[in-house]
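**Q** Turn this into a structure:
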Amino acid sequence: MEIKYLPNKGFFINSLKIEWNDNRDVVRKLLENKHKSDDQIIDVSHCFNGDESINIHQKRDIYENLYSKNDSLFLSYNKDNVLNELEVHHGFDILVGDIRLKFGKEIMDFVKLFQNKGIEYIETESGNYFLPDLKIVIANNESFGGNGTCLEYFYSAFNTDHLM
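**A** Prediction:
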């Protein structure tokens, strides 16, 4: 299975085009409602003198085994239920321009390919690479508590200012 990432626009999953700011119901319908809703309110008011307006409202749909037995991706939405984040954990090749990211392959090989194309990266922590011009993050197994330096995680968002 393949995801073709389109910086600043969205992505294709196989032949389905999904764009940033698409409505949650539209995306769910495109993906045949094969999701598990994972909406949560993360209460941080105790850190802000009881101010509940600070609480984090997470709106997320989890798709597992969407096209194959071992694929996993999360789609997150803002307070208005428009798509703003994609997380891929496994099961998809991800095409970014002409670079094909494959889970289980050495992450530094991908970092070097981006670097050879003049795309800058920031290693935000060991094994975790932010590519600001593409608005993506790639991370290895160790950065997720596992063993090894292979690609384990892909993240992209409409807005990545929070990562700077």
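**Q** Give the pairing partners of the helix or strand of the chain with the lowest mean pLDDT; include direction for each.
**A** The least trusted helix or strand in the chain, going by mean pLDDT, DSSP states H and E, turns out to be strand 40-42, with a mean of 84. Using DSSP bridges, strand 40-42 pairs in its sheet with strand 56-64 (antiparallel).
**Q** And the residue sitting furthest away from the middle of the chain, its phi and psi?
**A** When distances are taken from the C-alpha mean of the chain, Asn49 lies farthest, 32.5 Å away, according to C-alpha atoms, centre = their mean. The phi and psi values for Asn49, taken as degrees, to the nearest 10, are phi 50, psi 40.
**Q** For it, give me the pLDDT.
**A** We have a pLDDT of 89 for Asn49.
**Q** got it, and the one 5 residues further on?
**A** Among the per-residue scores, Ile54 holds a pLDDT of 78.
**Q** Quick check: the gap between it and His46.
**A** In this structure, Ile54 and His46 are 10 Å apart, going by C-beta to C-beta, to the nearest Å. The C-beta positions use only the backbone N, C-alpha and C, and glycine is treated the same way.
**Q** which of the two has more neighbours?
**A** Ile54 (14 against 9; other C-beta atoms under 10 Å).
**Q** circling back to that earlier point, tell me how far the least confident helix or strand of the chain is from the chain's mean position?
**A** 19 Å (C-alpha atoms, centre = their mean, to the nearest Å).
**Q** Other residues contacting that strand?
**A** 55-58, 60 (C-beta atoms under 8 Å, 6 or more residues apart in numbering).
**Q** Can you show me the strands along the chain?
**A** With strands called from DSSP state E, the chain shows them at 2-6, 10-13, 16-19, 36-37, 40-42, 56-64, 72-77, 83-90, 93-96, 99-101, 122-125, 128-131, 136-140, 151-157.
**Q** beta partners of Glu19?
**A** Gly10.
**Q** dump the residue contacts of it.
**A** 9-10, 83.
**Q** Export those residues as JSON lines, with columns for pLDDT and neighbour count.
**A** Converted to JSON lines, the contacts of Glu19 look like this (pLDDT from 0 to 100; neighbours: other C-beta atoms under 10 Å):
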{"residue": "Lys9", "pLDDT": "97", "neighbour count": "13"}
{"residue": "Gly10", "pLDDT": "97", "neighbour count": "20"}
{"residue": "Leu83", "pLDDT": "97", "neighbour count": "24"}
